[in-house]
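Engineer: Show me how the following folds:
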Amino acid sequence: MRFTPILDEFGTYPFVRLDEARREAAARGLHVIDFGMGDPNEEIEDFIRDAVVASLPKRCKYPRAIGLLELRRAIAEWCEKRFAVSVDSEYEIIPTLGSKEAIFTFAQVVDLRSPKNLVLVADPAYPVPERGARFAGGEVVHLPLEEANGFLPNLDAVSDEVWRRAALVWVNYPNNPTGAVAPLSLYKRLSELAIEHGFLLCSDEAYSEIYFGERPPSALQVPDRRNVVVFNTLSKRSSMTGYRSGFVAASREVIGALRLLRPTLGTTPQEFIQLASIKAWRDETHVERNRERYRSKRSIMLEALNRVGLRVAGSEATFFLWIAVPEGETSQGFARRLLESGVVVAPGSYLGEHGEGYVRLALVPTLEECEQAAVLLGRLL
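Structural biologist: Predicted structure coming up:
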């Protein structure tokens, strides 16, 4: 049989490898606390689960690819309240099955034929934008995120030729894995470049509601957002990873293209999930509780890491801590050493070449497990 060579080039998805290592350690009888994958362990709020139950129909038909208008209205209302921007619920929003599939498939919407076939992605980064671009036939250019630059891309280092050939430019703030927050000025400059050079600025904002200082801005807030595409989700905001409910907000032209593509994919949440999602988008109190839980877990782990002499390079937002590995160790070697103590973290190298020298710790275990992990770290280091 013949398969696309891209599968071999990418190999096993990094977090599948991480899960395999965790399962192997557990099979040896080691009790592990999993900070590796960004999958919250918090219970879903009762009002959301109740809304699912109340919405379950006796007959469940295919959901329409454009989603329920009431859900689109709830998302538009949230954008207005959160970012003070007006988004047309009829023509500028489309619900998605979480954000992962929407991010992966988005490269199929644009024309990636040469010479305008470049897709710019960060390094280190969530791997899905790059993989989606490669499977769609795009040529990927990496934008290094370096600690010296606050884990922001150095736009001045990008040549005019690259900007001219760019079709998509991906950013993700608050950032996975570094925890950095981008200023609105970064979005403004990128949106100006997008209009000047005719590319789409794609902003993955899955962690916009998990922060510990000032509220992060959105690319939706730029003065001219005609070339801006924003992806968001309830996965992290409301700990609804398994519900698979998110959205894309963009210009009428972009959403029109998605309306043509998405019926082929059939990727919109079931209507009972959409109805529960309306409740989630319209409630902020559970989001505040969620944020405070992460703040408490972050405090425990920051104190423990500081006590053992590990430097946290980034933790401004998201539920990730970006930790510099001890001198003389690699990210994978240090992650293996932590695993043998019962603490699972993600090697930074799993997220790109510029992730080497760091590990990522996701604050997804319970508060009690974080306290246990703090003790384990003290014994190891």
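
Engineer: okay, CA-based contacts and neighbour counts for the rest of this
Structural biologist: Fine.

Engineer: quick one: low-confidence ranges for the stretch 1-150 of the chain?
Structural biologist: Applying pLDDT under 70 to the stretch 1-150 of the chain flags residues 15.

Engineer: So which residues of it form helices?
Structural biologist: For the stretch 1-150 of the chain, the helices defined by DSSP state H, counting those that start in this stretch occupy 5-10, 14-27, 46-55, 69-83, 100-105, 128-135.

Engineer: likewise the stretch 251-381 of the chain?
Structural biologist: Using DSSP H, counting those that start in this stretch, the helices found in the stretch 251-381 of the chain span residues 252-265, 271-281, 285-307, 331-341, 367-380.

Engineer: Break the chain into its domains for me.
Structural biologist: Using automatic domain parsing, the domain parsing of the chain gives 5-43+286-380, 47-281.

Engineer: What separates the first and last residues of the first one, distance-wise?
Structural biologist: When the termini of domain 5-43+286-380 are compared using CA to CA, to the nearest Å, they are 41 Å apart.

Engineer: Same question for the last one.
Structural biologist: From its first residue to its last, domain 47-281 covers 12 Å (CA to CA).

Engineer: Show me how far it is from its chain's centre.
Structural biologist: 9 Å (CA atoms, centre = their mean, to the nearest Å).

Engineer: quick one: Pro263 and Ala65 touch, right?
Structural biologist: Yes. Counting by CA atoms under 8 Å, Pro263 touches Ala65, with 5.3 Å between them.

Engineer: which one of these two has more residues nearby?
Structural biologist: Neighbour totals were compared for Pro263 and Ala65, and Ala65 leads with 21 against 14 (other CA atoms under 10 Å).

Engineer: and that one, what does it touch?
Structural biologist: Contacts for Ala65 (CA atoms under 8 Å, 6 or more residues apart in numbering) come out as Arg259, Arg262, Pro263, Gly266, Thr267, Thr268.

Engineer: Pull out the buried members of those.
Structural biologist: Arg262, Thr267, Thr268 (16 or more other CA atoms under 10 Å).

Engineer: ok, now how distant is the second one from Asp123?
Structural biologist: In this case it means Thr267. 28 Å.

Engineer: One more: Gly11?
Structural biologist: 18 Å.

Engineer: one step back: with pLDDT and distance to Arg237 added, can I get the buried ones among the contacts of Ala65 in TSV?
Structural biologist: Below are the buried ones among the contacts of Ala65 laid out as TSV (pLDDT from 0 to 100; distance: CA to CA, whole Å):
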residue	pLDDT	distance to Arg237
Arg262	92	24
Thr267	78	21
Thr268	90	19
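
Engineer: Let's have the residues you listed in JSON lines, adding distance to Ala54.
Structural biologist: Formatted as JSON lines, the buried ones among the contacts of Ala65 follow (distance: CA to CA, whole Å):
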{"residue": "Arg262", "distance to Ala54": "27"}
{"residue": "Thr267", "distance to Ala54": "23"}
{"residue": "Thr268", "distance to Ala54": "20"}
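
Engineer: List just the nearest of those residues to Arg113.
Structural biologist: Arg262 (21.0 Å; CA to CA).

Engineer: can you pull the contacts of the residue most central in space within the chain?
Structural biologist: Residue closest to the average C-alpha location in the chain (CA atoms, centre = their mean): Ala206, at 4.7 Å. Taking CA under 8 Å, 6+ apart, we find Ala206 in contact with Ser99, Pro174, Phe231, Asn232, Thr233, Leu234, Ser235, Lys236, Arg237.

Engineer: again, only this time at 6 Å
Structural biologist: Neighbouring residues of Ala206 by CA atoms under 6 Å, 6 or more residues apart in numbering: Asn232, Thr233.
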